[in-house]
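> Starting from these lines, generate the structure:
(2 chains)
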Number of protein chains: 2
Amino acid sequence: MSAVQEIERKFLVPTAPDLSGYVAEVVRQGYITVGGEGHEVRVRQKGQGYFITVKSKGTLARAEYETALSQEQFDTLWPATEGRRLEKTRYTGTLSDGFPCEVDIFEGALTGLVMVEVEFAKLEAAKAFSPPDWFGTDVTEDKRYKNSALASAGTLPPGT
Amino acid sequence: MSAVQEIERKFLVPTAPDLSGYVAEVVRQGYITVGGEGHEVRVRQKGQGYFITVKSKGTLARAEYETALSQEQFDTLWPATEGRRLEKTRYTGTLSDGFPCEVDIFEGALTGLVMVEVEFAKLEAAKAFSPPDWFGTDVTEDKRYKNSALASAGTLPPGT
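Numbering: from 1, shown residues only, chains lettered A, B, ... in the order given. Predicted coordinates for the structure are as follows:
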C-alpha cells in the first residue's frame, strides 16, 4: 500500500528482445475511469494478486495511490470497467545500466503492440536516459499509448 | 458487496423532523472522481465501516458497485479525495408509508443543509411517491445537490 510519485518513460518496441532473463506475469486490467478531467482509477489482476490504483493527471510524473484487493473485492468492481479493459503479459527485468524496466506484450484486440516502460527515481535520470538499440519511438508524452486510452479504444493507434 | 440498480428521490428538508426513532451514524466521504464524463468513485467511512462505491452516470436510477474496505485500504485511497470531501450525520429510518429513508444533516462548510433520500424498489413507486409535509423542494434532478457536487464545491448552492 503506497502513495508514490511515479517517474517513467515509455517506448514502442518494434521487435521484442530476448526476454529469457525476465519474470513474466499475465496482467488483466480495466479502468473504472480513464482520467481526463479527474483521476484515473484502475483495477488489475497481476498473477495471483489484485489491486486498485488511482493515478493523478499527467504522463512523465504522476501521483499514485495503490492498495491490494481481495479477489472478492476485485470481482465486485470489475464489472464497472466494461468496455475499458486490456490483457497483456508483463516481463519485468533490468536494463544493462541498472534501470528497472517492464516489457508489455499486449494480447486480444491489441495484439502486435509491444511497449517498454523504464522507471526512474529522479526526473533528471529520466531526462538523461539513453535508450538501448531495441527501443523504438518514445511515446511517454503520446496519450494514445496510455494503457487507459488503449483499453478504451480497443484498437491500436494508426501507424503502430 | 453488491451491484444493484439504485432508485432514489431526494428532497431538501427546511426543518428537520423528530428523528428520535432513527439510527444515527457519522459519515465522512470523499470522491476520487466526481463522475461527469465517467463513473463516480467514492470512498466512505460510515460508523466503523469503510467502503468504496462506483456509480454510473444519472440521477434517479444508477448502477452501483460497492465493496467493503479495510481501514488500511481506506487510509491509502483517502488522500486521492483531497478537495472533494464532506461530513454529515446520517439518520436512517422508515416513512409512515413504509419506504426506507435517510436524512442527512451536513456539517463543516455545508452546515445548514439537510436533505432526505427515499429509496424505492421500482421506478413506478418512485414516480408515484407522495412526500410528507416536512419534505421541501424535490432536488432529485438538481445536480448541484449531488453529494459529489457539494463535496467539490465545498459550499452550499445559492438559495439553499
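
> and A:Ala106, what does it touch?
For residue A:106 the amino acid is Phe, not Ala. Going by Cβ atoms under 8 Å, 6 or more residues apart in numbering or on different chains, A:Phe106 touches A:Leu86, A:Glu87, A:Lys88, A:Gly112, A:Leu113, A:Val114, A:Met115, A:Leu150. Heads up, the C-betas are built off the backbone N, CA and C, glycines and all.

> 7 Å - rerun?
Shown in contact with A:Phe106 (Cβ atoms under 7 Å, 6 or more residues apart in numbering or on different chains): A:Leu86, A:Lys88, A:Leu113.

> Could you provide those in CSV, with additional columns for distance to chain B and secondary structure?
Formatted as CSV, the contacts of A:Phe106 follow (distance: Cβ to the nearest Cβ, whole Å; DSSP: H, G, I helix; E, B strand; the rest coil):
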residue, distance to chain B, secondary structure
A:Leu86, 17, strand
A:Lys88, 22, strand
A:Leu113, 24, coil
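
> which outside residues touch stretch A:78-90?
A:24-32, A:34, A:43, A:102, A:104-108, A:110, A:147, A:150-152, B:3, B:39, B:54, B:65.

> separation between A:Lys127 and A:Phe51?
29 Å (Cβ to Cβ, to the nearest Å).

> Hmm, I typed the wrong one, I wanted A:Lys57.
Counting by Cβ to Cβ, the gap from A:Lys57 to A:Phe51 is 20 Å.

> what about the two, which has more around it?
Taking neighbours as other Cβ atoms under 10 Å in any protein chain shown, A:Lys57 and A:Phe51 compare with A:Phe51 leading, 16 against 12.

> tell me the SS of the more buried one?
strand (DSSP: H, G, I helix; E, B strand; the rest coil).

> Give me the spatial nearest neighbour of it, chain neighbours excluded.
Excluding the flanking residues, the one nearest A:Phe51 by Cβ to Cβ, 6 or more residues apart in numbering or on different chains is A:Arg44, at 4.9 Å.
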